[in-house]
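>>> From the sequence below, what's the structure:
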Amino acid sequence: MEDIKFIQEKVKEYYWNDDINCATTNLKILSEKYDIELSYQIIDSAIGMHGAGQYGAQCGLVEGTLMFIGIMGRKLAIPDNDIINACNEFAQQFENKYKSLSCDVLRPKGFSVDNPPHLCEDFTCQAVQFNIEFVAKFSAGNKP
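Numbers count the residues shown, from 1 in each chain. Have a look, this model is predicted:
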């Protein structure tokens with residue numbers, strides 16, 4: 001089991017100090033964990049990936065991990081089909097564990113102008129731990 005304290009500290013830092021979304025937070029934690037530098041374009045691309053710009057579509061914790069699986073897969077010279085299959089498996093496992101891939105369903109209270117900021121902090125910590133464990137199996141060559 002991943003060091004949940006590390007994850008909690010990083011999520012708190014990125015949410016409250018840097019005020020960045022779940023997808024970017026997830027990407028940054030994964031990049032730190034696996035020592036992969038992310039270009040500013042990757043970070044910039046995740047700006048609107050929190051439920052498709054708060055539309056409530058696919059969760060940024062899913063989107064960011066799918067991006068990272070591709071990044072990690074290329075770094076390890078994993079064949080494209082294996083990367084694609086890993087993304088499919090990740091989505092299935094995430095949905096099985098959390099019952100949805102949709103931000104609107106996963107986010108406590110959905111989206112409302114009355115919601116406090118970073119409402120998903122606790123869920124983010126749980127999901128990032130799951131994501132790290134999935135990527136560890138993928139990068140080790142084990143079927144996740």
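>>> pLDDT-wise, which helix or strand of this protein ranks last?
Least confident helix or strand, the chain: helix 51-54 with a mean of 64, by mean pLDDT, DSSP states H and E.
>>> how near is Ile83 to Gly70?
As judged by C-beta to C-beta, to the nearest Å, Ile83 and Gly70 stand 6 Å apart. Using the backbone N, CA and C atoms, a C-beta is placed for each residue, glycine as well.
>>> Give me the more crowded residue out of the two.
In terms of neighbours (other C-beta atoms under 10 Å), Ile83 is the more surrounded of Ile83 and Gly70; the figures are 19 against 16.
>>> Give me the below-cutoff pLDDT ranges for this structure.
For the chain, applying pLDDT under 70 flags the ranges 1-2, 51-56, 110-111, 143-144.
>>> all helices for it, in order.
4-12, 22-33, 40-45, 51-54, 60-75, 80-98, 103-106, 121-139 (DSSP state H).
>>> ok, Ala43 - how many residues close by?
Heads up, residue 43 is Ile, not Ala. Neighbours of Ile43 (other C-beta under 10 Å): 15.
>>> Spatially nearest residue to it (excluding sequence neighbours)?
Spatial nearest neighbour of Ile43, chain neighbours left out: Thr24 (6.1 Å); criterion: C-beta to C-beta, 6 or more residues apart in numbering.
>>> Buried ones in stretch 25-36, by neighbour count?
Thr25, Asn26, Leu27, Lys28, Ile29, Leu30, Ser31, Lys33, Ile36 (16 or more other C-beta atoms under 10 Å).
>>> Thanks a lot, catch you later.
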